[in-house]
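Q: the following block contains a protein sequence and its predicted model.
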Amino acid sequence: MKHAQLWLSSMALVALTAVASAQTWDEIANGGGDAGDLPGTAQVVVGSGPLTQITGALQTGGDVDLFAIFISDPANFYAHTGSSTATTFDSKLHLFDSAGRPLWMNDDAPSDVATSLGIGSLRSYIGGGSAAGNYRSSDAPGTAGSATWGLTGPGVYYLAISHWSRNSATGTSQHFHSSSPYNAIKSPYAAQAVNVLGGWVGSSTTTGTYTIFLNGASFVPEPASMLALGAGLAGLVGLRRRKK
Ligand SMILES: [Ca+2]
Ligand SMILES: [Ca+2]
């Protein structure tokens, strides 16, 4: 009996140590396969402790990978796709709230954060820390500072990576202005801000591998992941009902 207890507690320690030291999530190794592109099929990056990298691939043309992450430090949060080696294709990042509503999108990182963080040409950045003029509303993309960076608080958010030609939408309406200036960090069209992610528009044949570098983010703790999974399951039930 005592031996069994000792064995169990050392197993628990090994498990805890593994969780504590792992700061990276891989779409295949940890997620078990291709991450879906909608909240109901997103990979929930579940665990504990800081999350510093997500790695994965666009396995097929048009692939979009959506991850539920926990933003623990909104004031210092950022996500970027690194050098042209870290991410092999011209990327785009989208950030959504826990209900799947659009918050921020960037195609190509502004030059100031690209220089300070070593982000490659045409790679993407979402976060504070760029010049105020680089944050723009999709309704006024030509006006410097037409949006103000911010997140509502710590919690679960959805982060999507795609090829630049793929854009989040509800029905056929894109959430964000996807044309020039490509290096602005954009808030959604006001009319789209309450619309939950329902699909992706624009086509691509590009495949490749990526690394998303994160700051101010954590693994999604178990209770929150159960809620996120619950939302996904509710979505599946909804789909089933609609099919009948
Ligand atoms: Ca994928
Ligand atoms: Ca890009």
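A: Ah, there it is. Ligands and ions are numbered 1, 2, ... in the order given.

Q: which residue would you name as the spatial centre of this protein?
A: L159 (1.3 Å; CA atoms, centre = their mean).

Q: and the chain, which of its residues are near ligand 1?
A: Contact residues (CB under 5 Å from the ion) of the chain with ligand 1: 34, 63, 65. Glycine gets a C-beta too; all of them are placed from N, C-alpha and C.

Q: and with 6 Å instead?
A: Residues of the chain lying near ligand 1 by CB under 6 Å from the ion: 27, 34-35, 56-59, 63, 65.

Q: which ones, among those, also lie beside ligand 2?
A: Counting by CB under 6 Å from the ion, no member of the residues of the chain next to ligand 1 is near ligand 2.

Q: check those for burial and list the buried ones.
A: 27, 34-35, 56-58, 63, 65 (16 or more other CB atoms under 10 Å).

Q: need those residues in TSV (columns: pLDDT and secondary structure).
A: Shown next, in TSV, are these (pLDDT from 0 to 100; DSSP: H, G, I helix; E, B strand; the rest coil):
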residue	pLDDT	secondary structure
E27	98	coil
D34	98	coil
A35	98	coil
G56	98	strand
A57	98	strand
L58	98	strand
D63	98	coil
D65	98	strand
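
Q: okay if I get those as TSV plus distance to T115?
A: Output for those, formatted as TSV (distance: CB to CB, whole Å):
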residue	distance to T115
E27	29
D34	33
A35	30
G56	26
A57	27
L58	26
D63	30
D65	27
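
Q: out of those, which comes closest to ligand 2?
A: Using CB to the ion, L58 comes nearest to ligand 2 of these, at 12.9 Å.

Q: quick one: low-confidence parts of the protein?
A: Along the chain, segments meeting pLDDT under 70 span 1-22, 224-244.

Q: and with 50 instead?
A: Where the chain drops to pLDDT under 50, the residues are 1-21, 233-244.
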